[in-house]
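Q: please work out how this folds:
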Amino acid sequence: MAGTMERRTPTVNPNVQQLTFETLKKIRAYLQRMIDAGGSDLHIKSNAVVRARINGDIIPLSGEILSKEDALTFAKELLRGRFNEFVKNKELDLVYPYDEKNTFSCEYIFSNGWSFSCLSCDSCKNSFY
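A: Residues are numbered from 1 along each chain as shown. This next block holds a predicted model:
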């Protein structure tokens, strides 16, 4: 149909052996910066900078724009075997154990060719909403 937007779906069945987990390492560095700053949420959206909620304000953590491919690679690296569920349902909620002190409630959404993730720190004390 003319004028309709093609709905693209991420690739199913990620081969975990082919993943380098470099994107996950980068996101973990953002999580650590957010924790160190007393933040509560990390917002990851494709084609945008990574942002964090710190003292109630959502601020960029760097000027680097996370590509759509990087955002999906991050989802594949973190979700691994549950990535197919994410593809099927276009959303997924789970808990991510960051370290022995911090866990994150994670919400993943895929819609109209972009993905969004919000990682909320369950154990961070300085959460302002």
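Q: for Ser123, see how far away Leu66 is.
A: According to C-beta to C-beta, to the nearest Å, Leu66 stands 25 Å off from Ser123. Where C-beta positions appear, they are placed from N, C-alpha and C, glycine not excepted.
Q: which residues touch Ser117?
A: Each residue near Ser117 by C-beta atoms under 8 Å, 6 or more residues apart in numbering is listed here: 42-45, 71, 74-75, 106-109.
Q: can you check the pLDDT for it?
A: At Ser117, the predicted lDDT confidence score is 82.
Q: centre of the chain to the host helix or strand of it, how far?
A: Using DSSP states H and E, Ser117 falls within strand 114-121. Offset of strand 114-121 from its chain centre (C-alpha atoms, centre = their mean, to the nearest Å): 4 Å.
Q: tell me which residues of that strand are tucked away?
A: For strand 114-121, the buried set under the neighbour-count rule, 16 or more other C-beta atoms under 10 Å, comprises 115-121.
Q: could you do stretch 58-77 as well?
A: With the criterion 16+ other C-beta under 10 Å, stretch 58-77 contains buried residues 61, 66, 68, 70-77.
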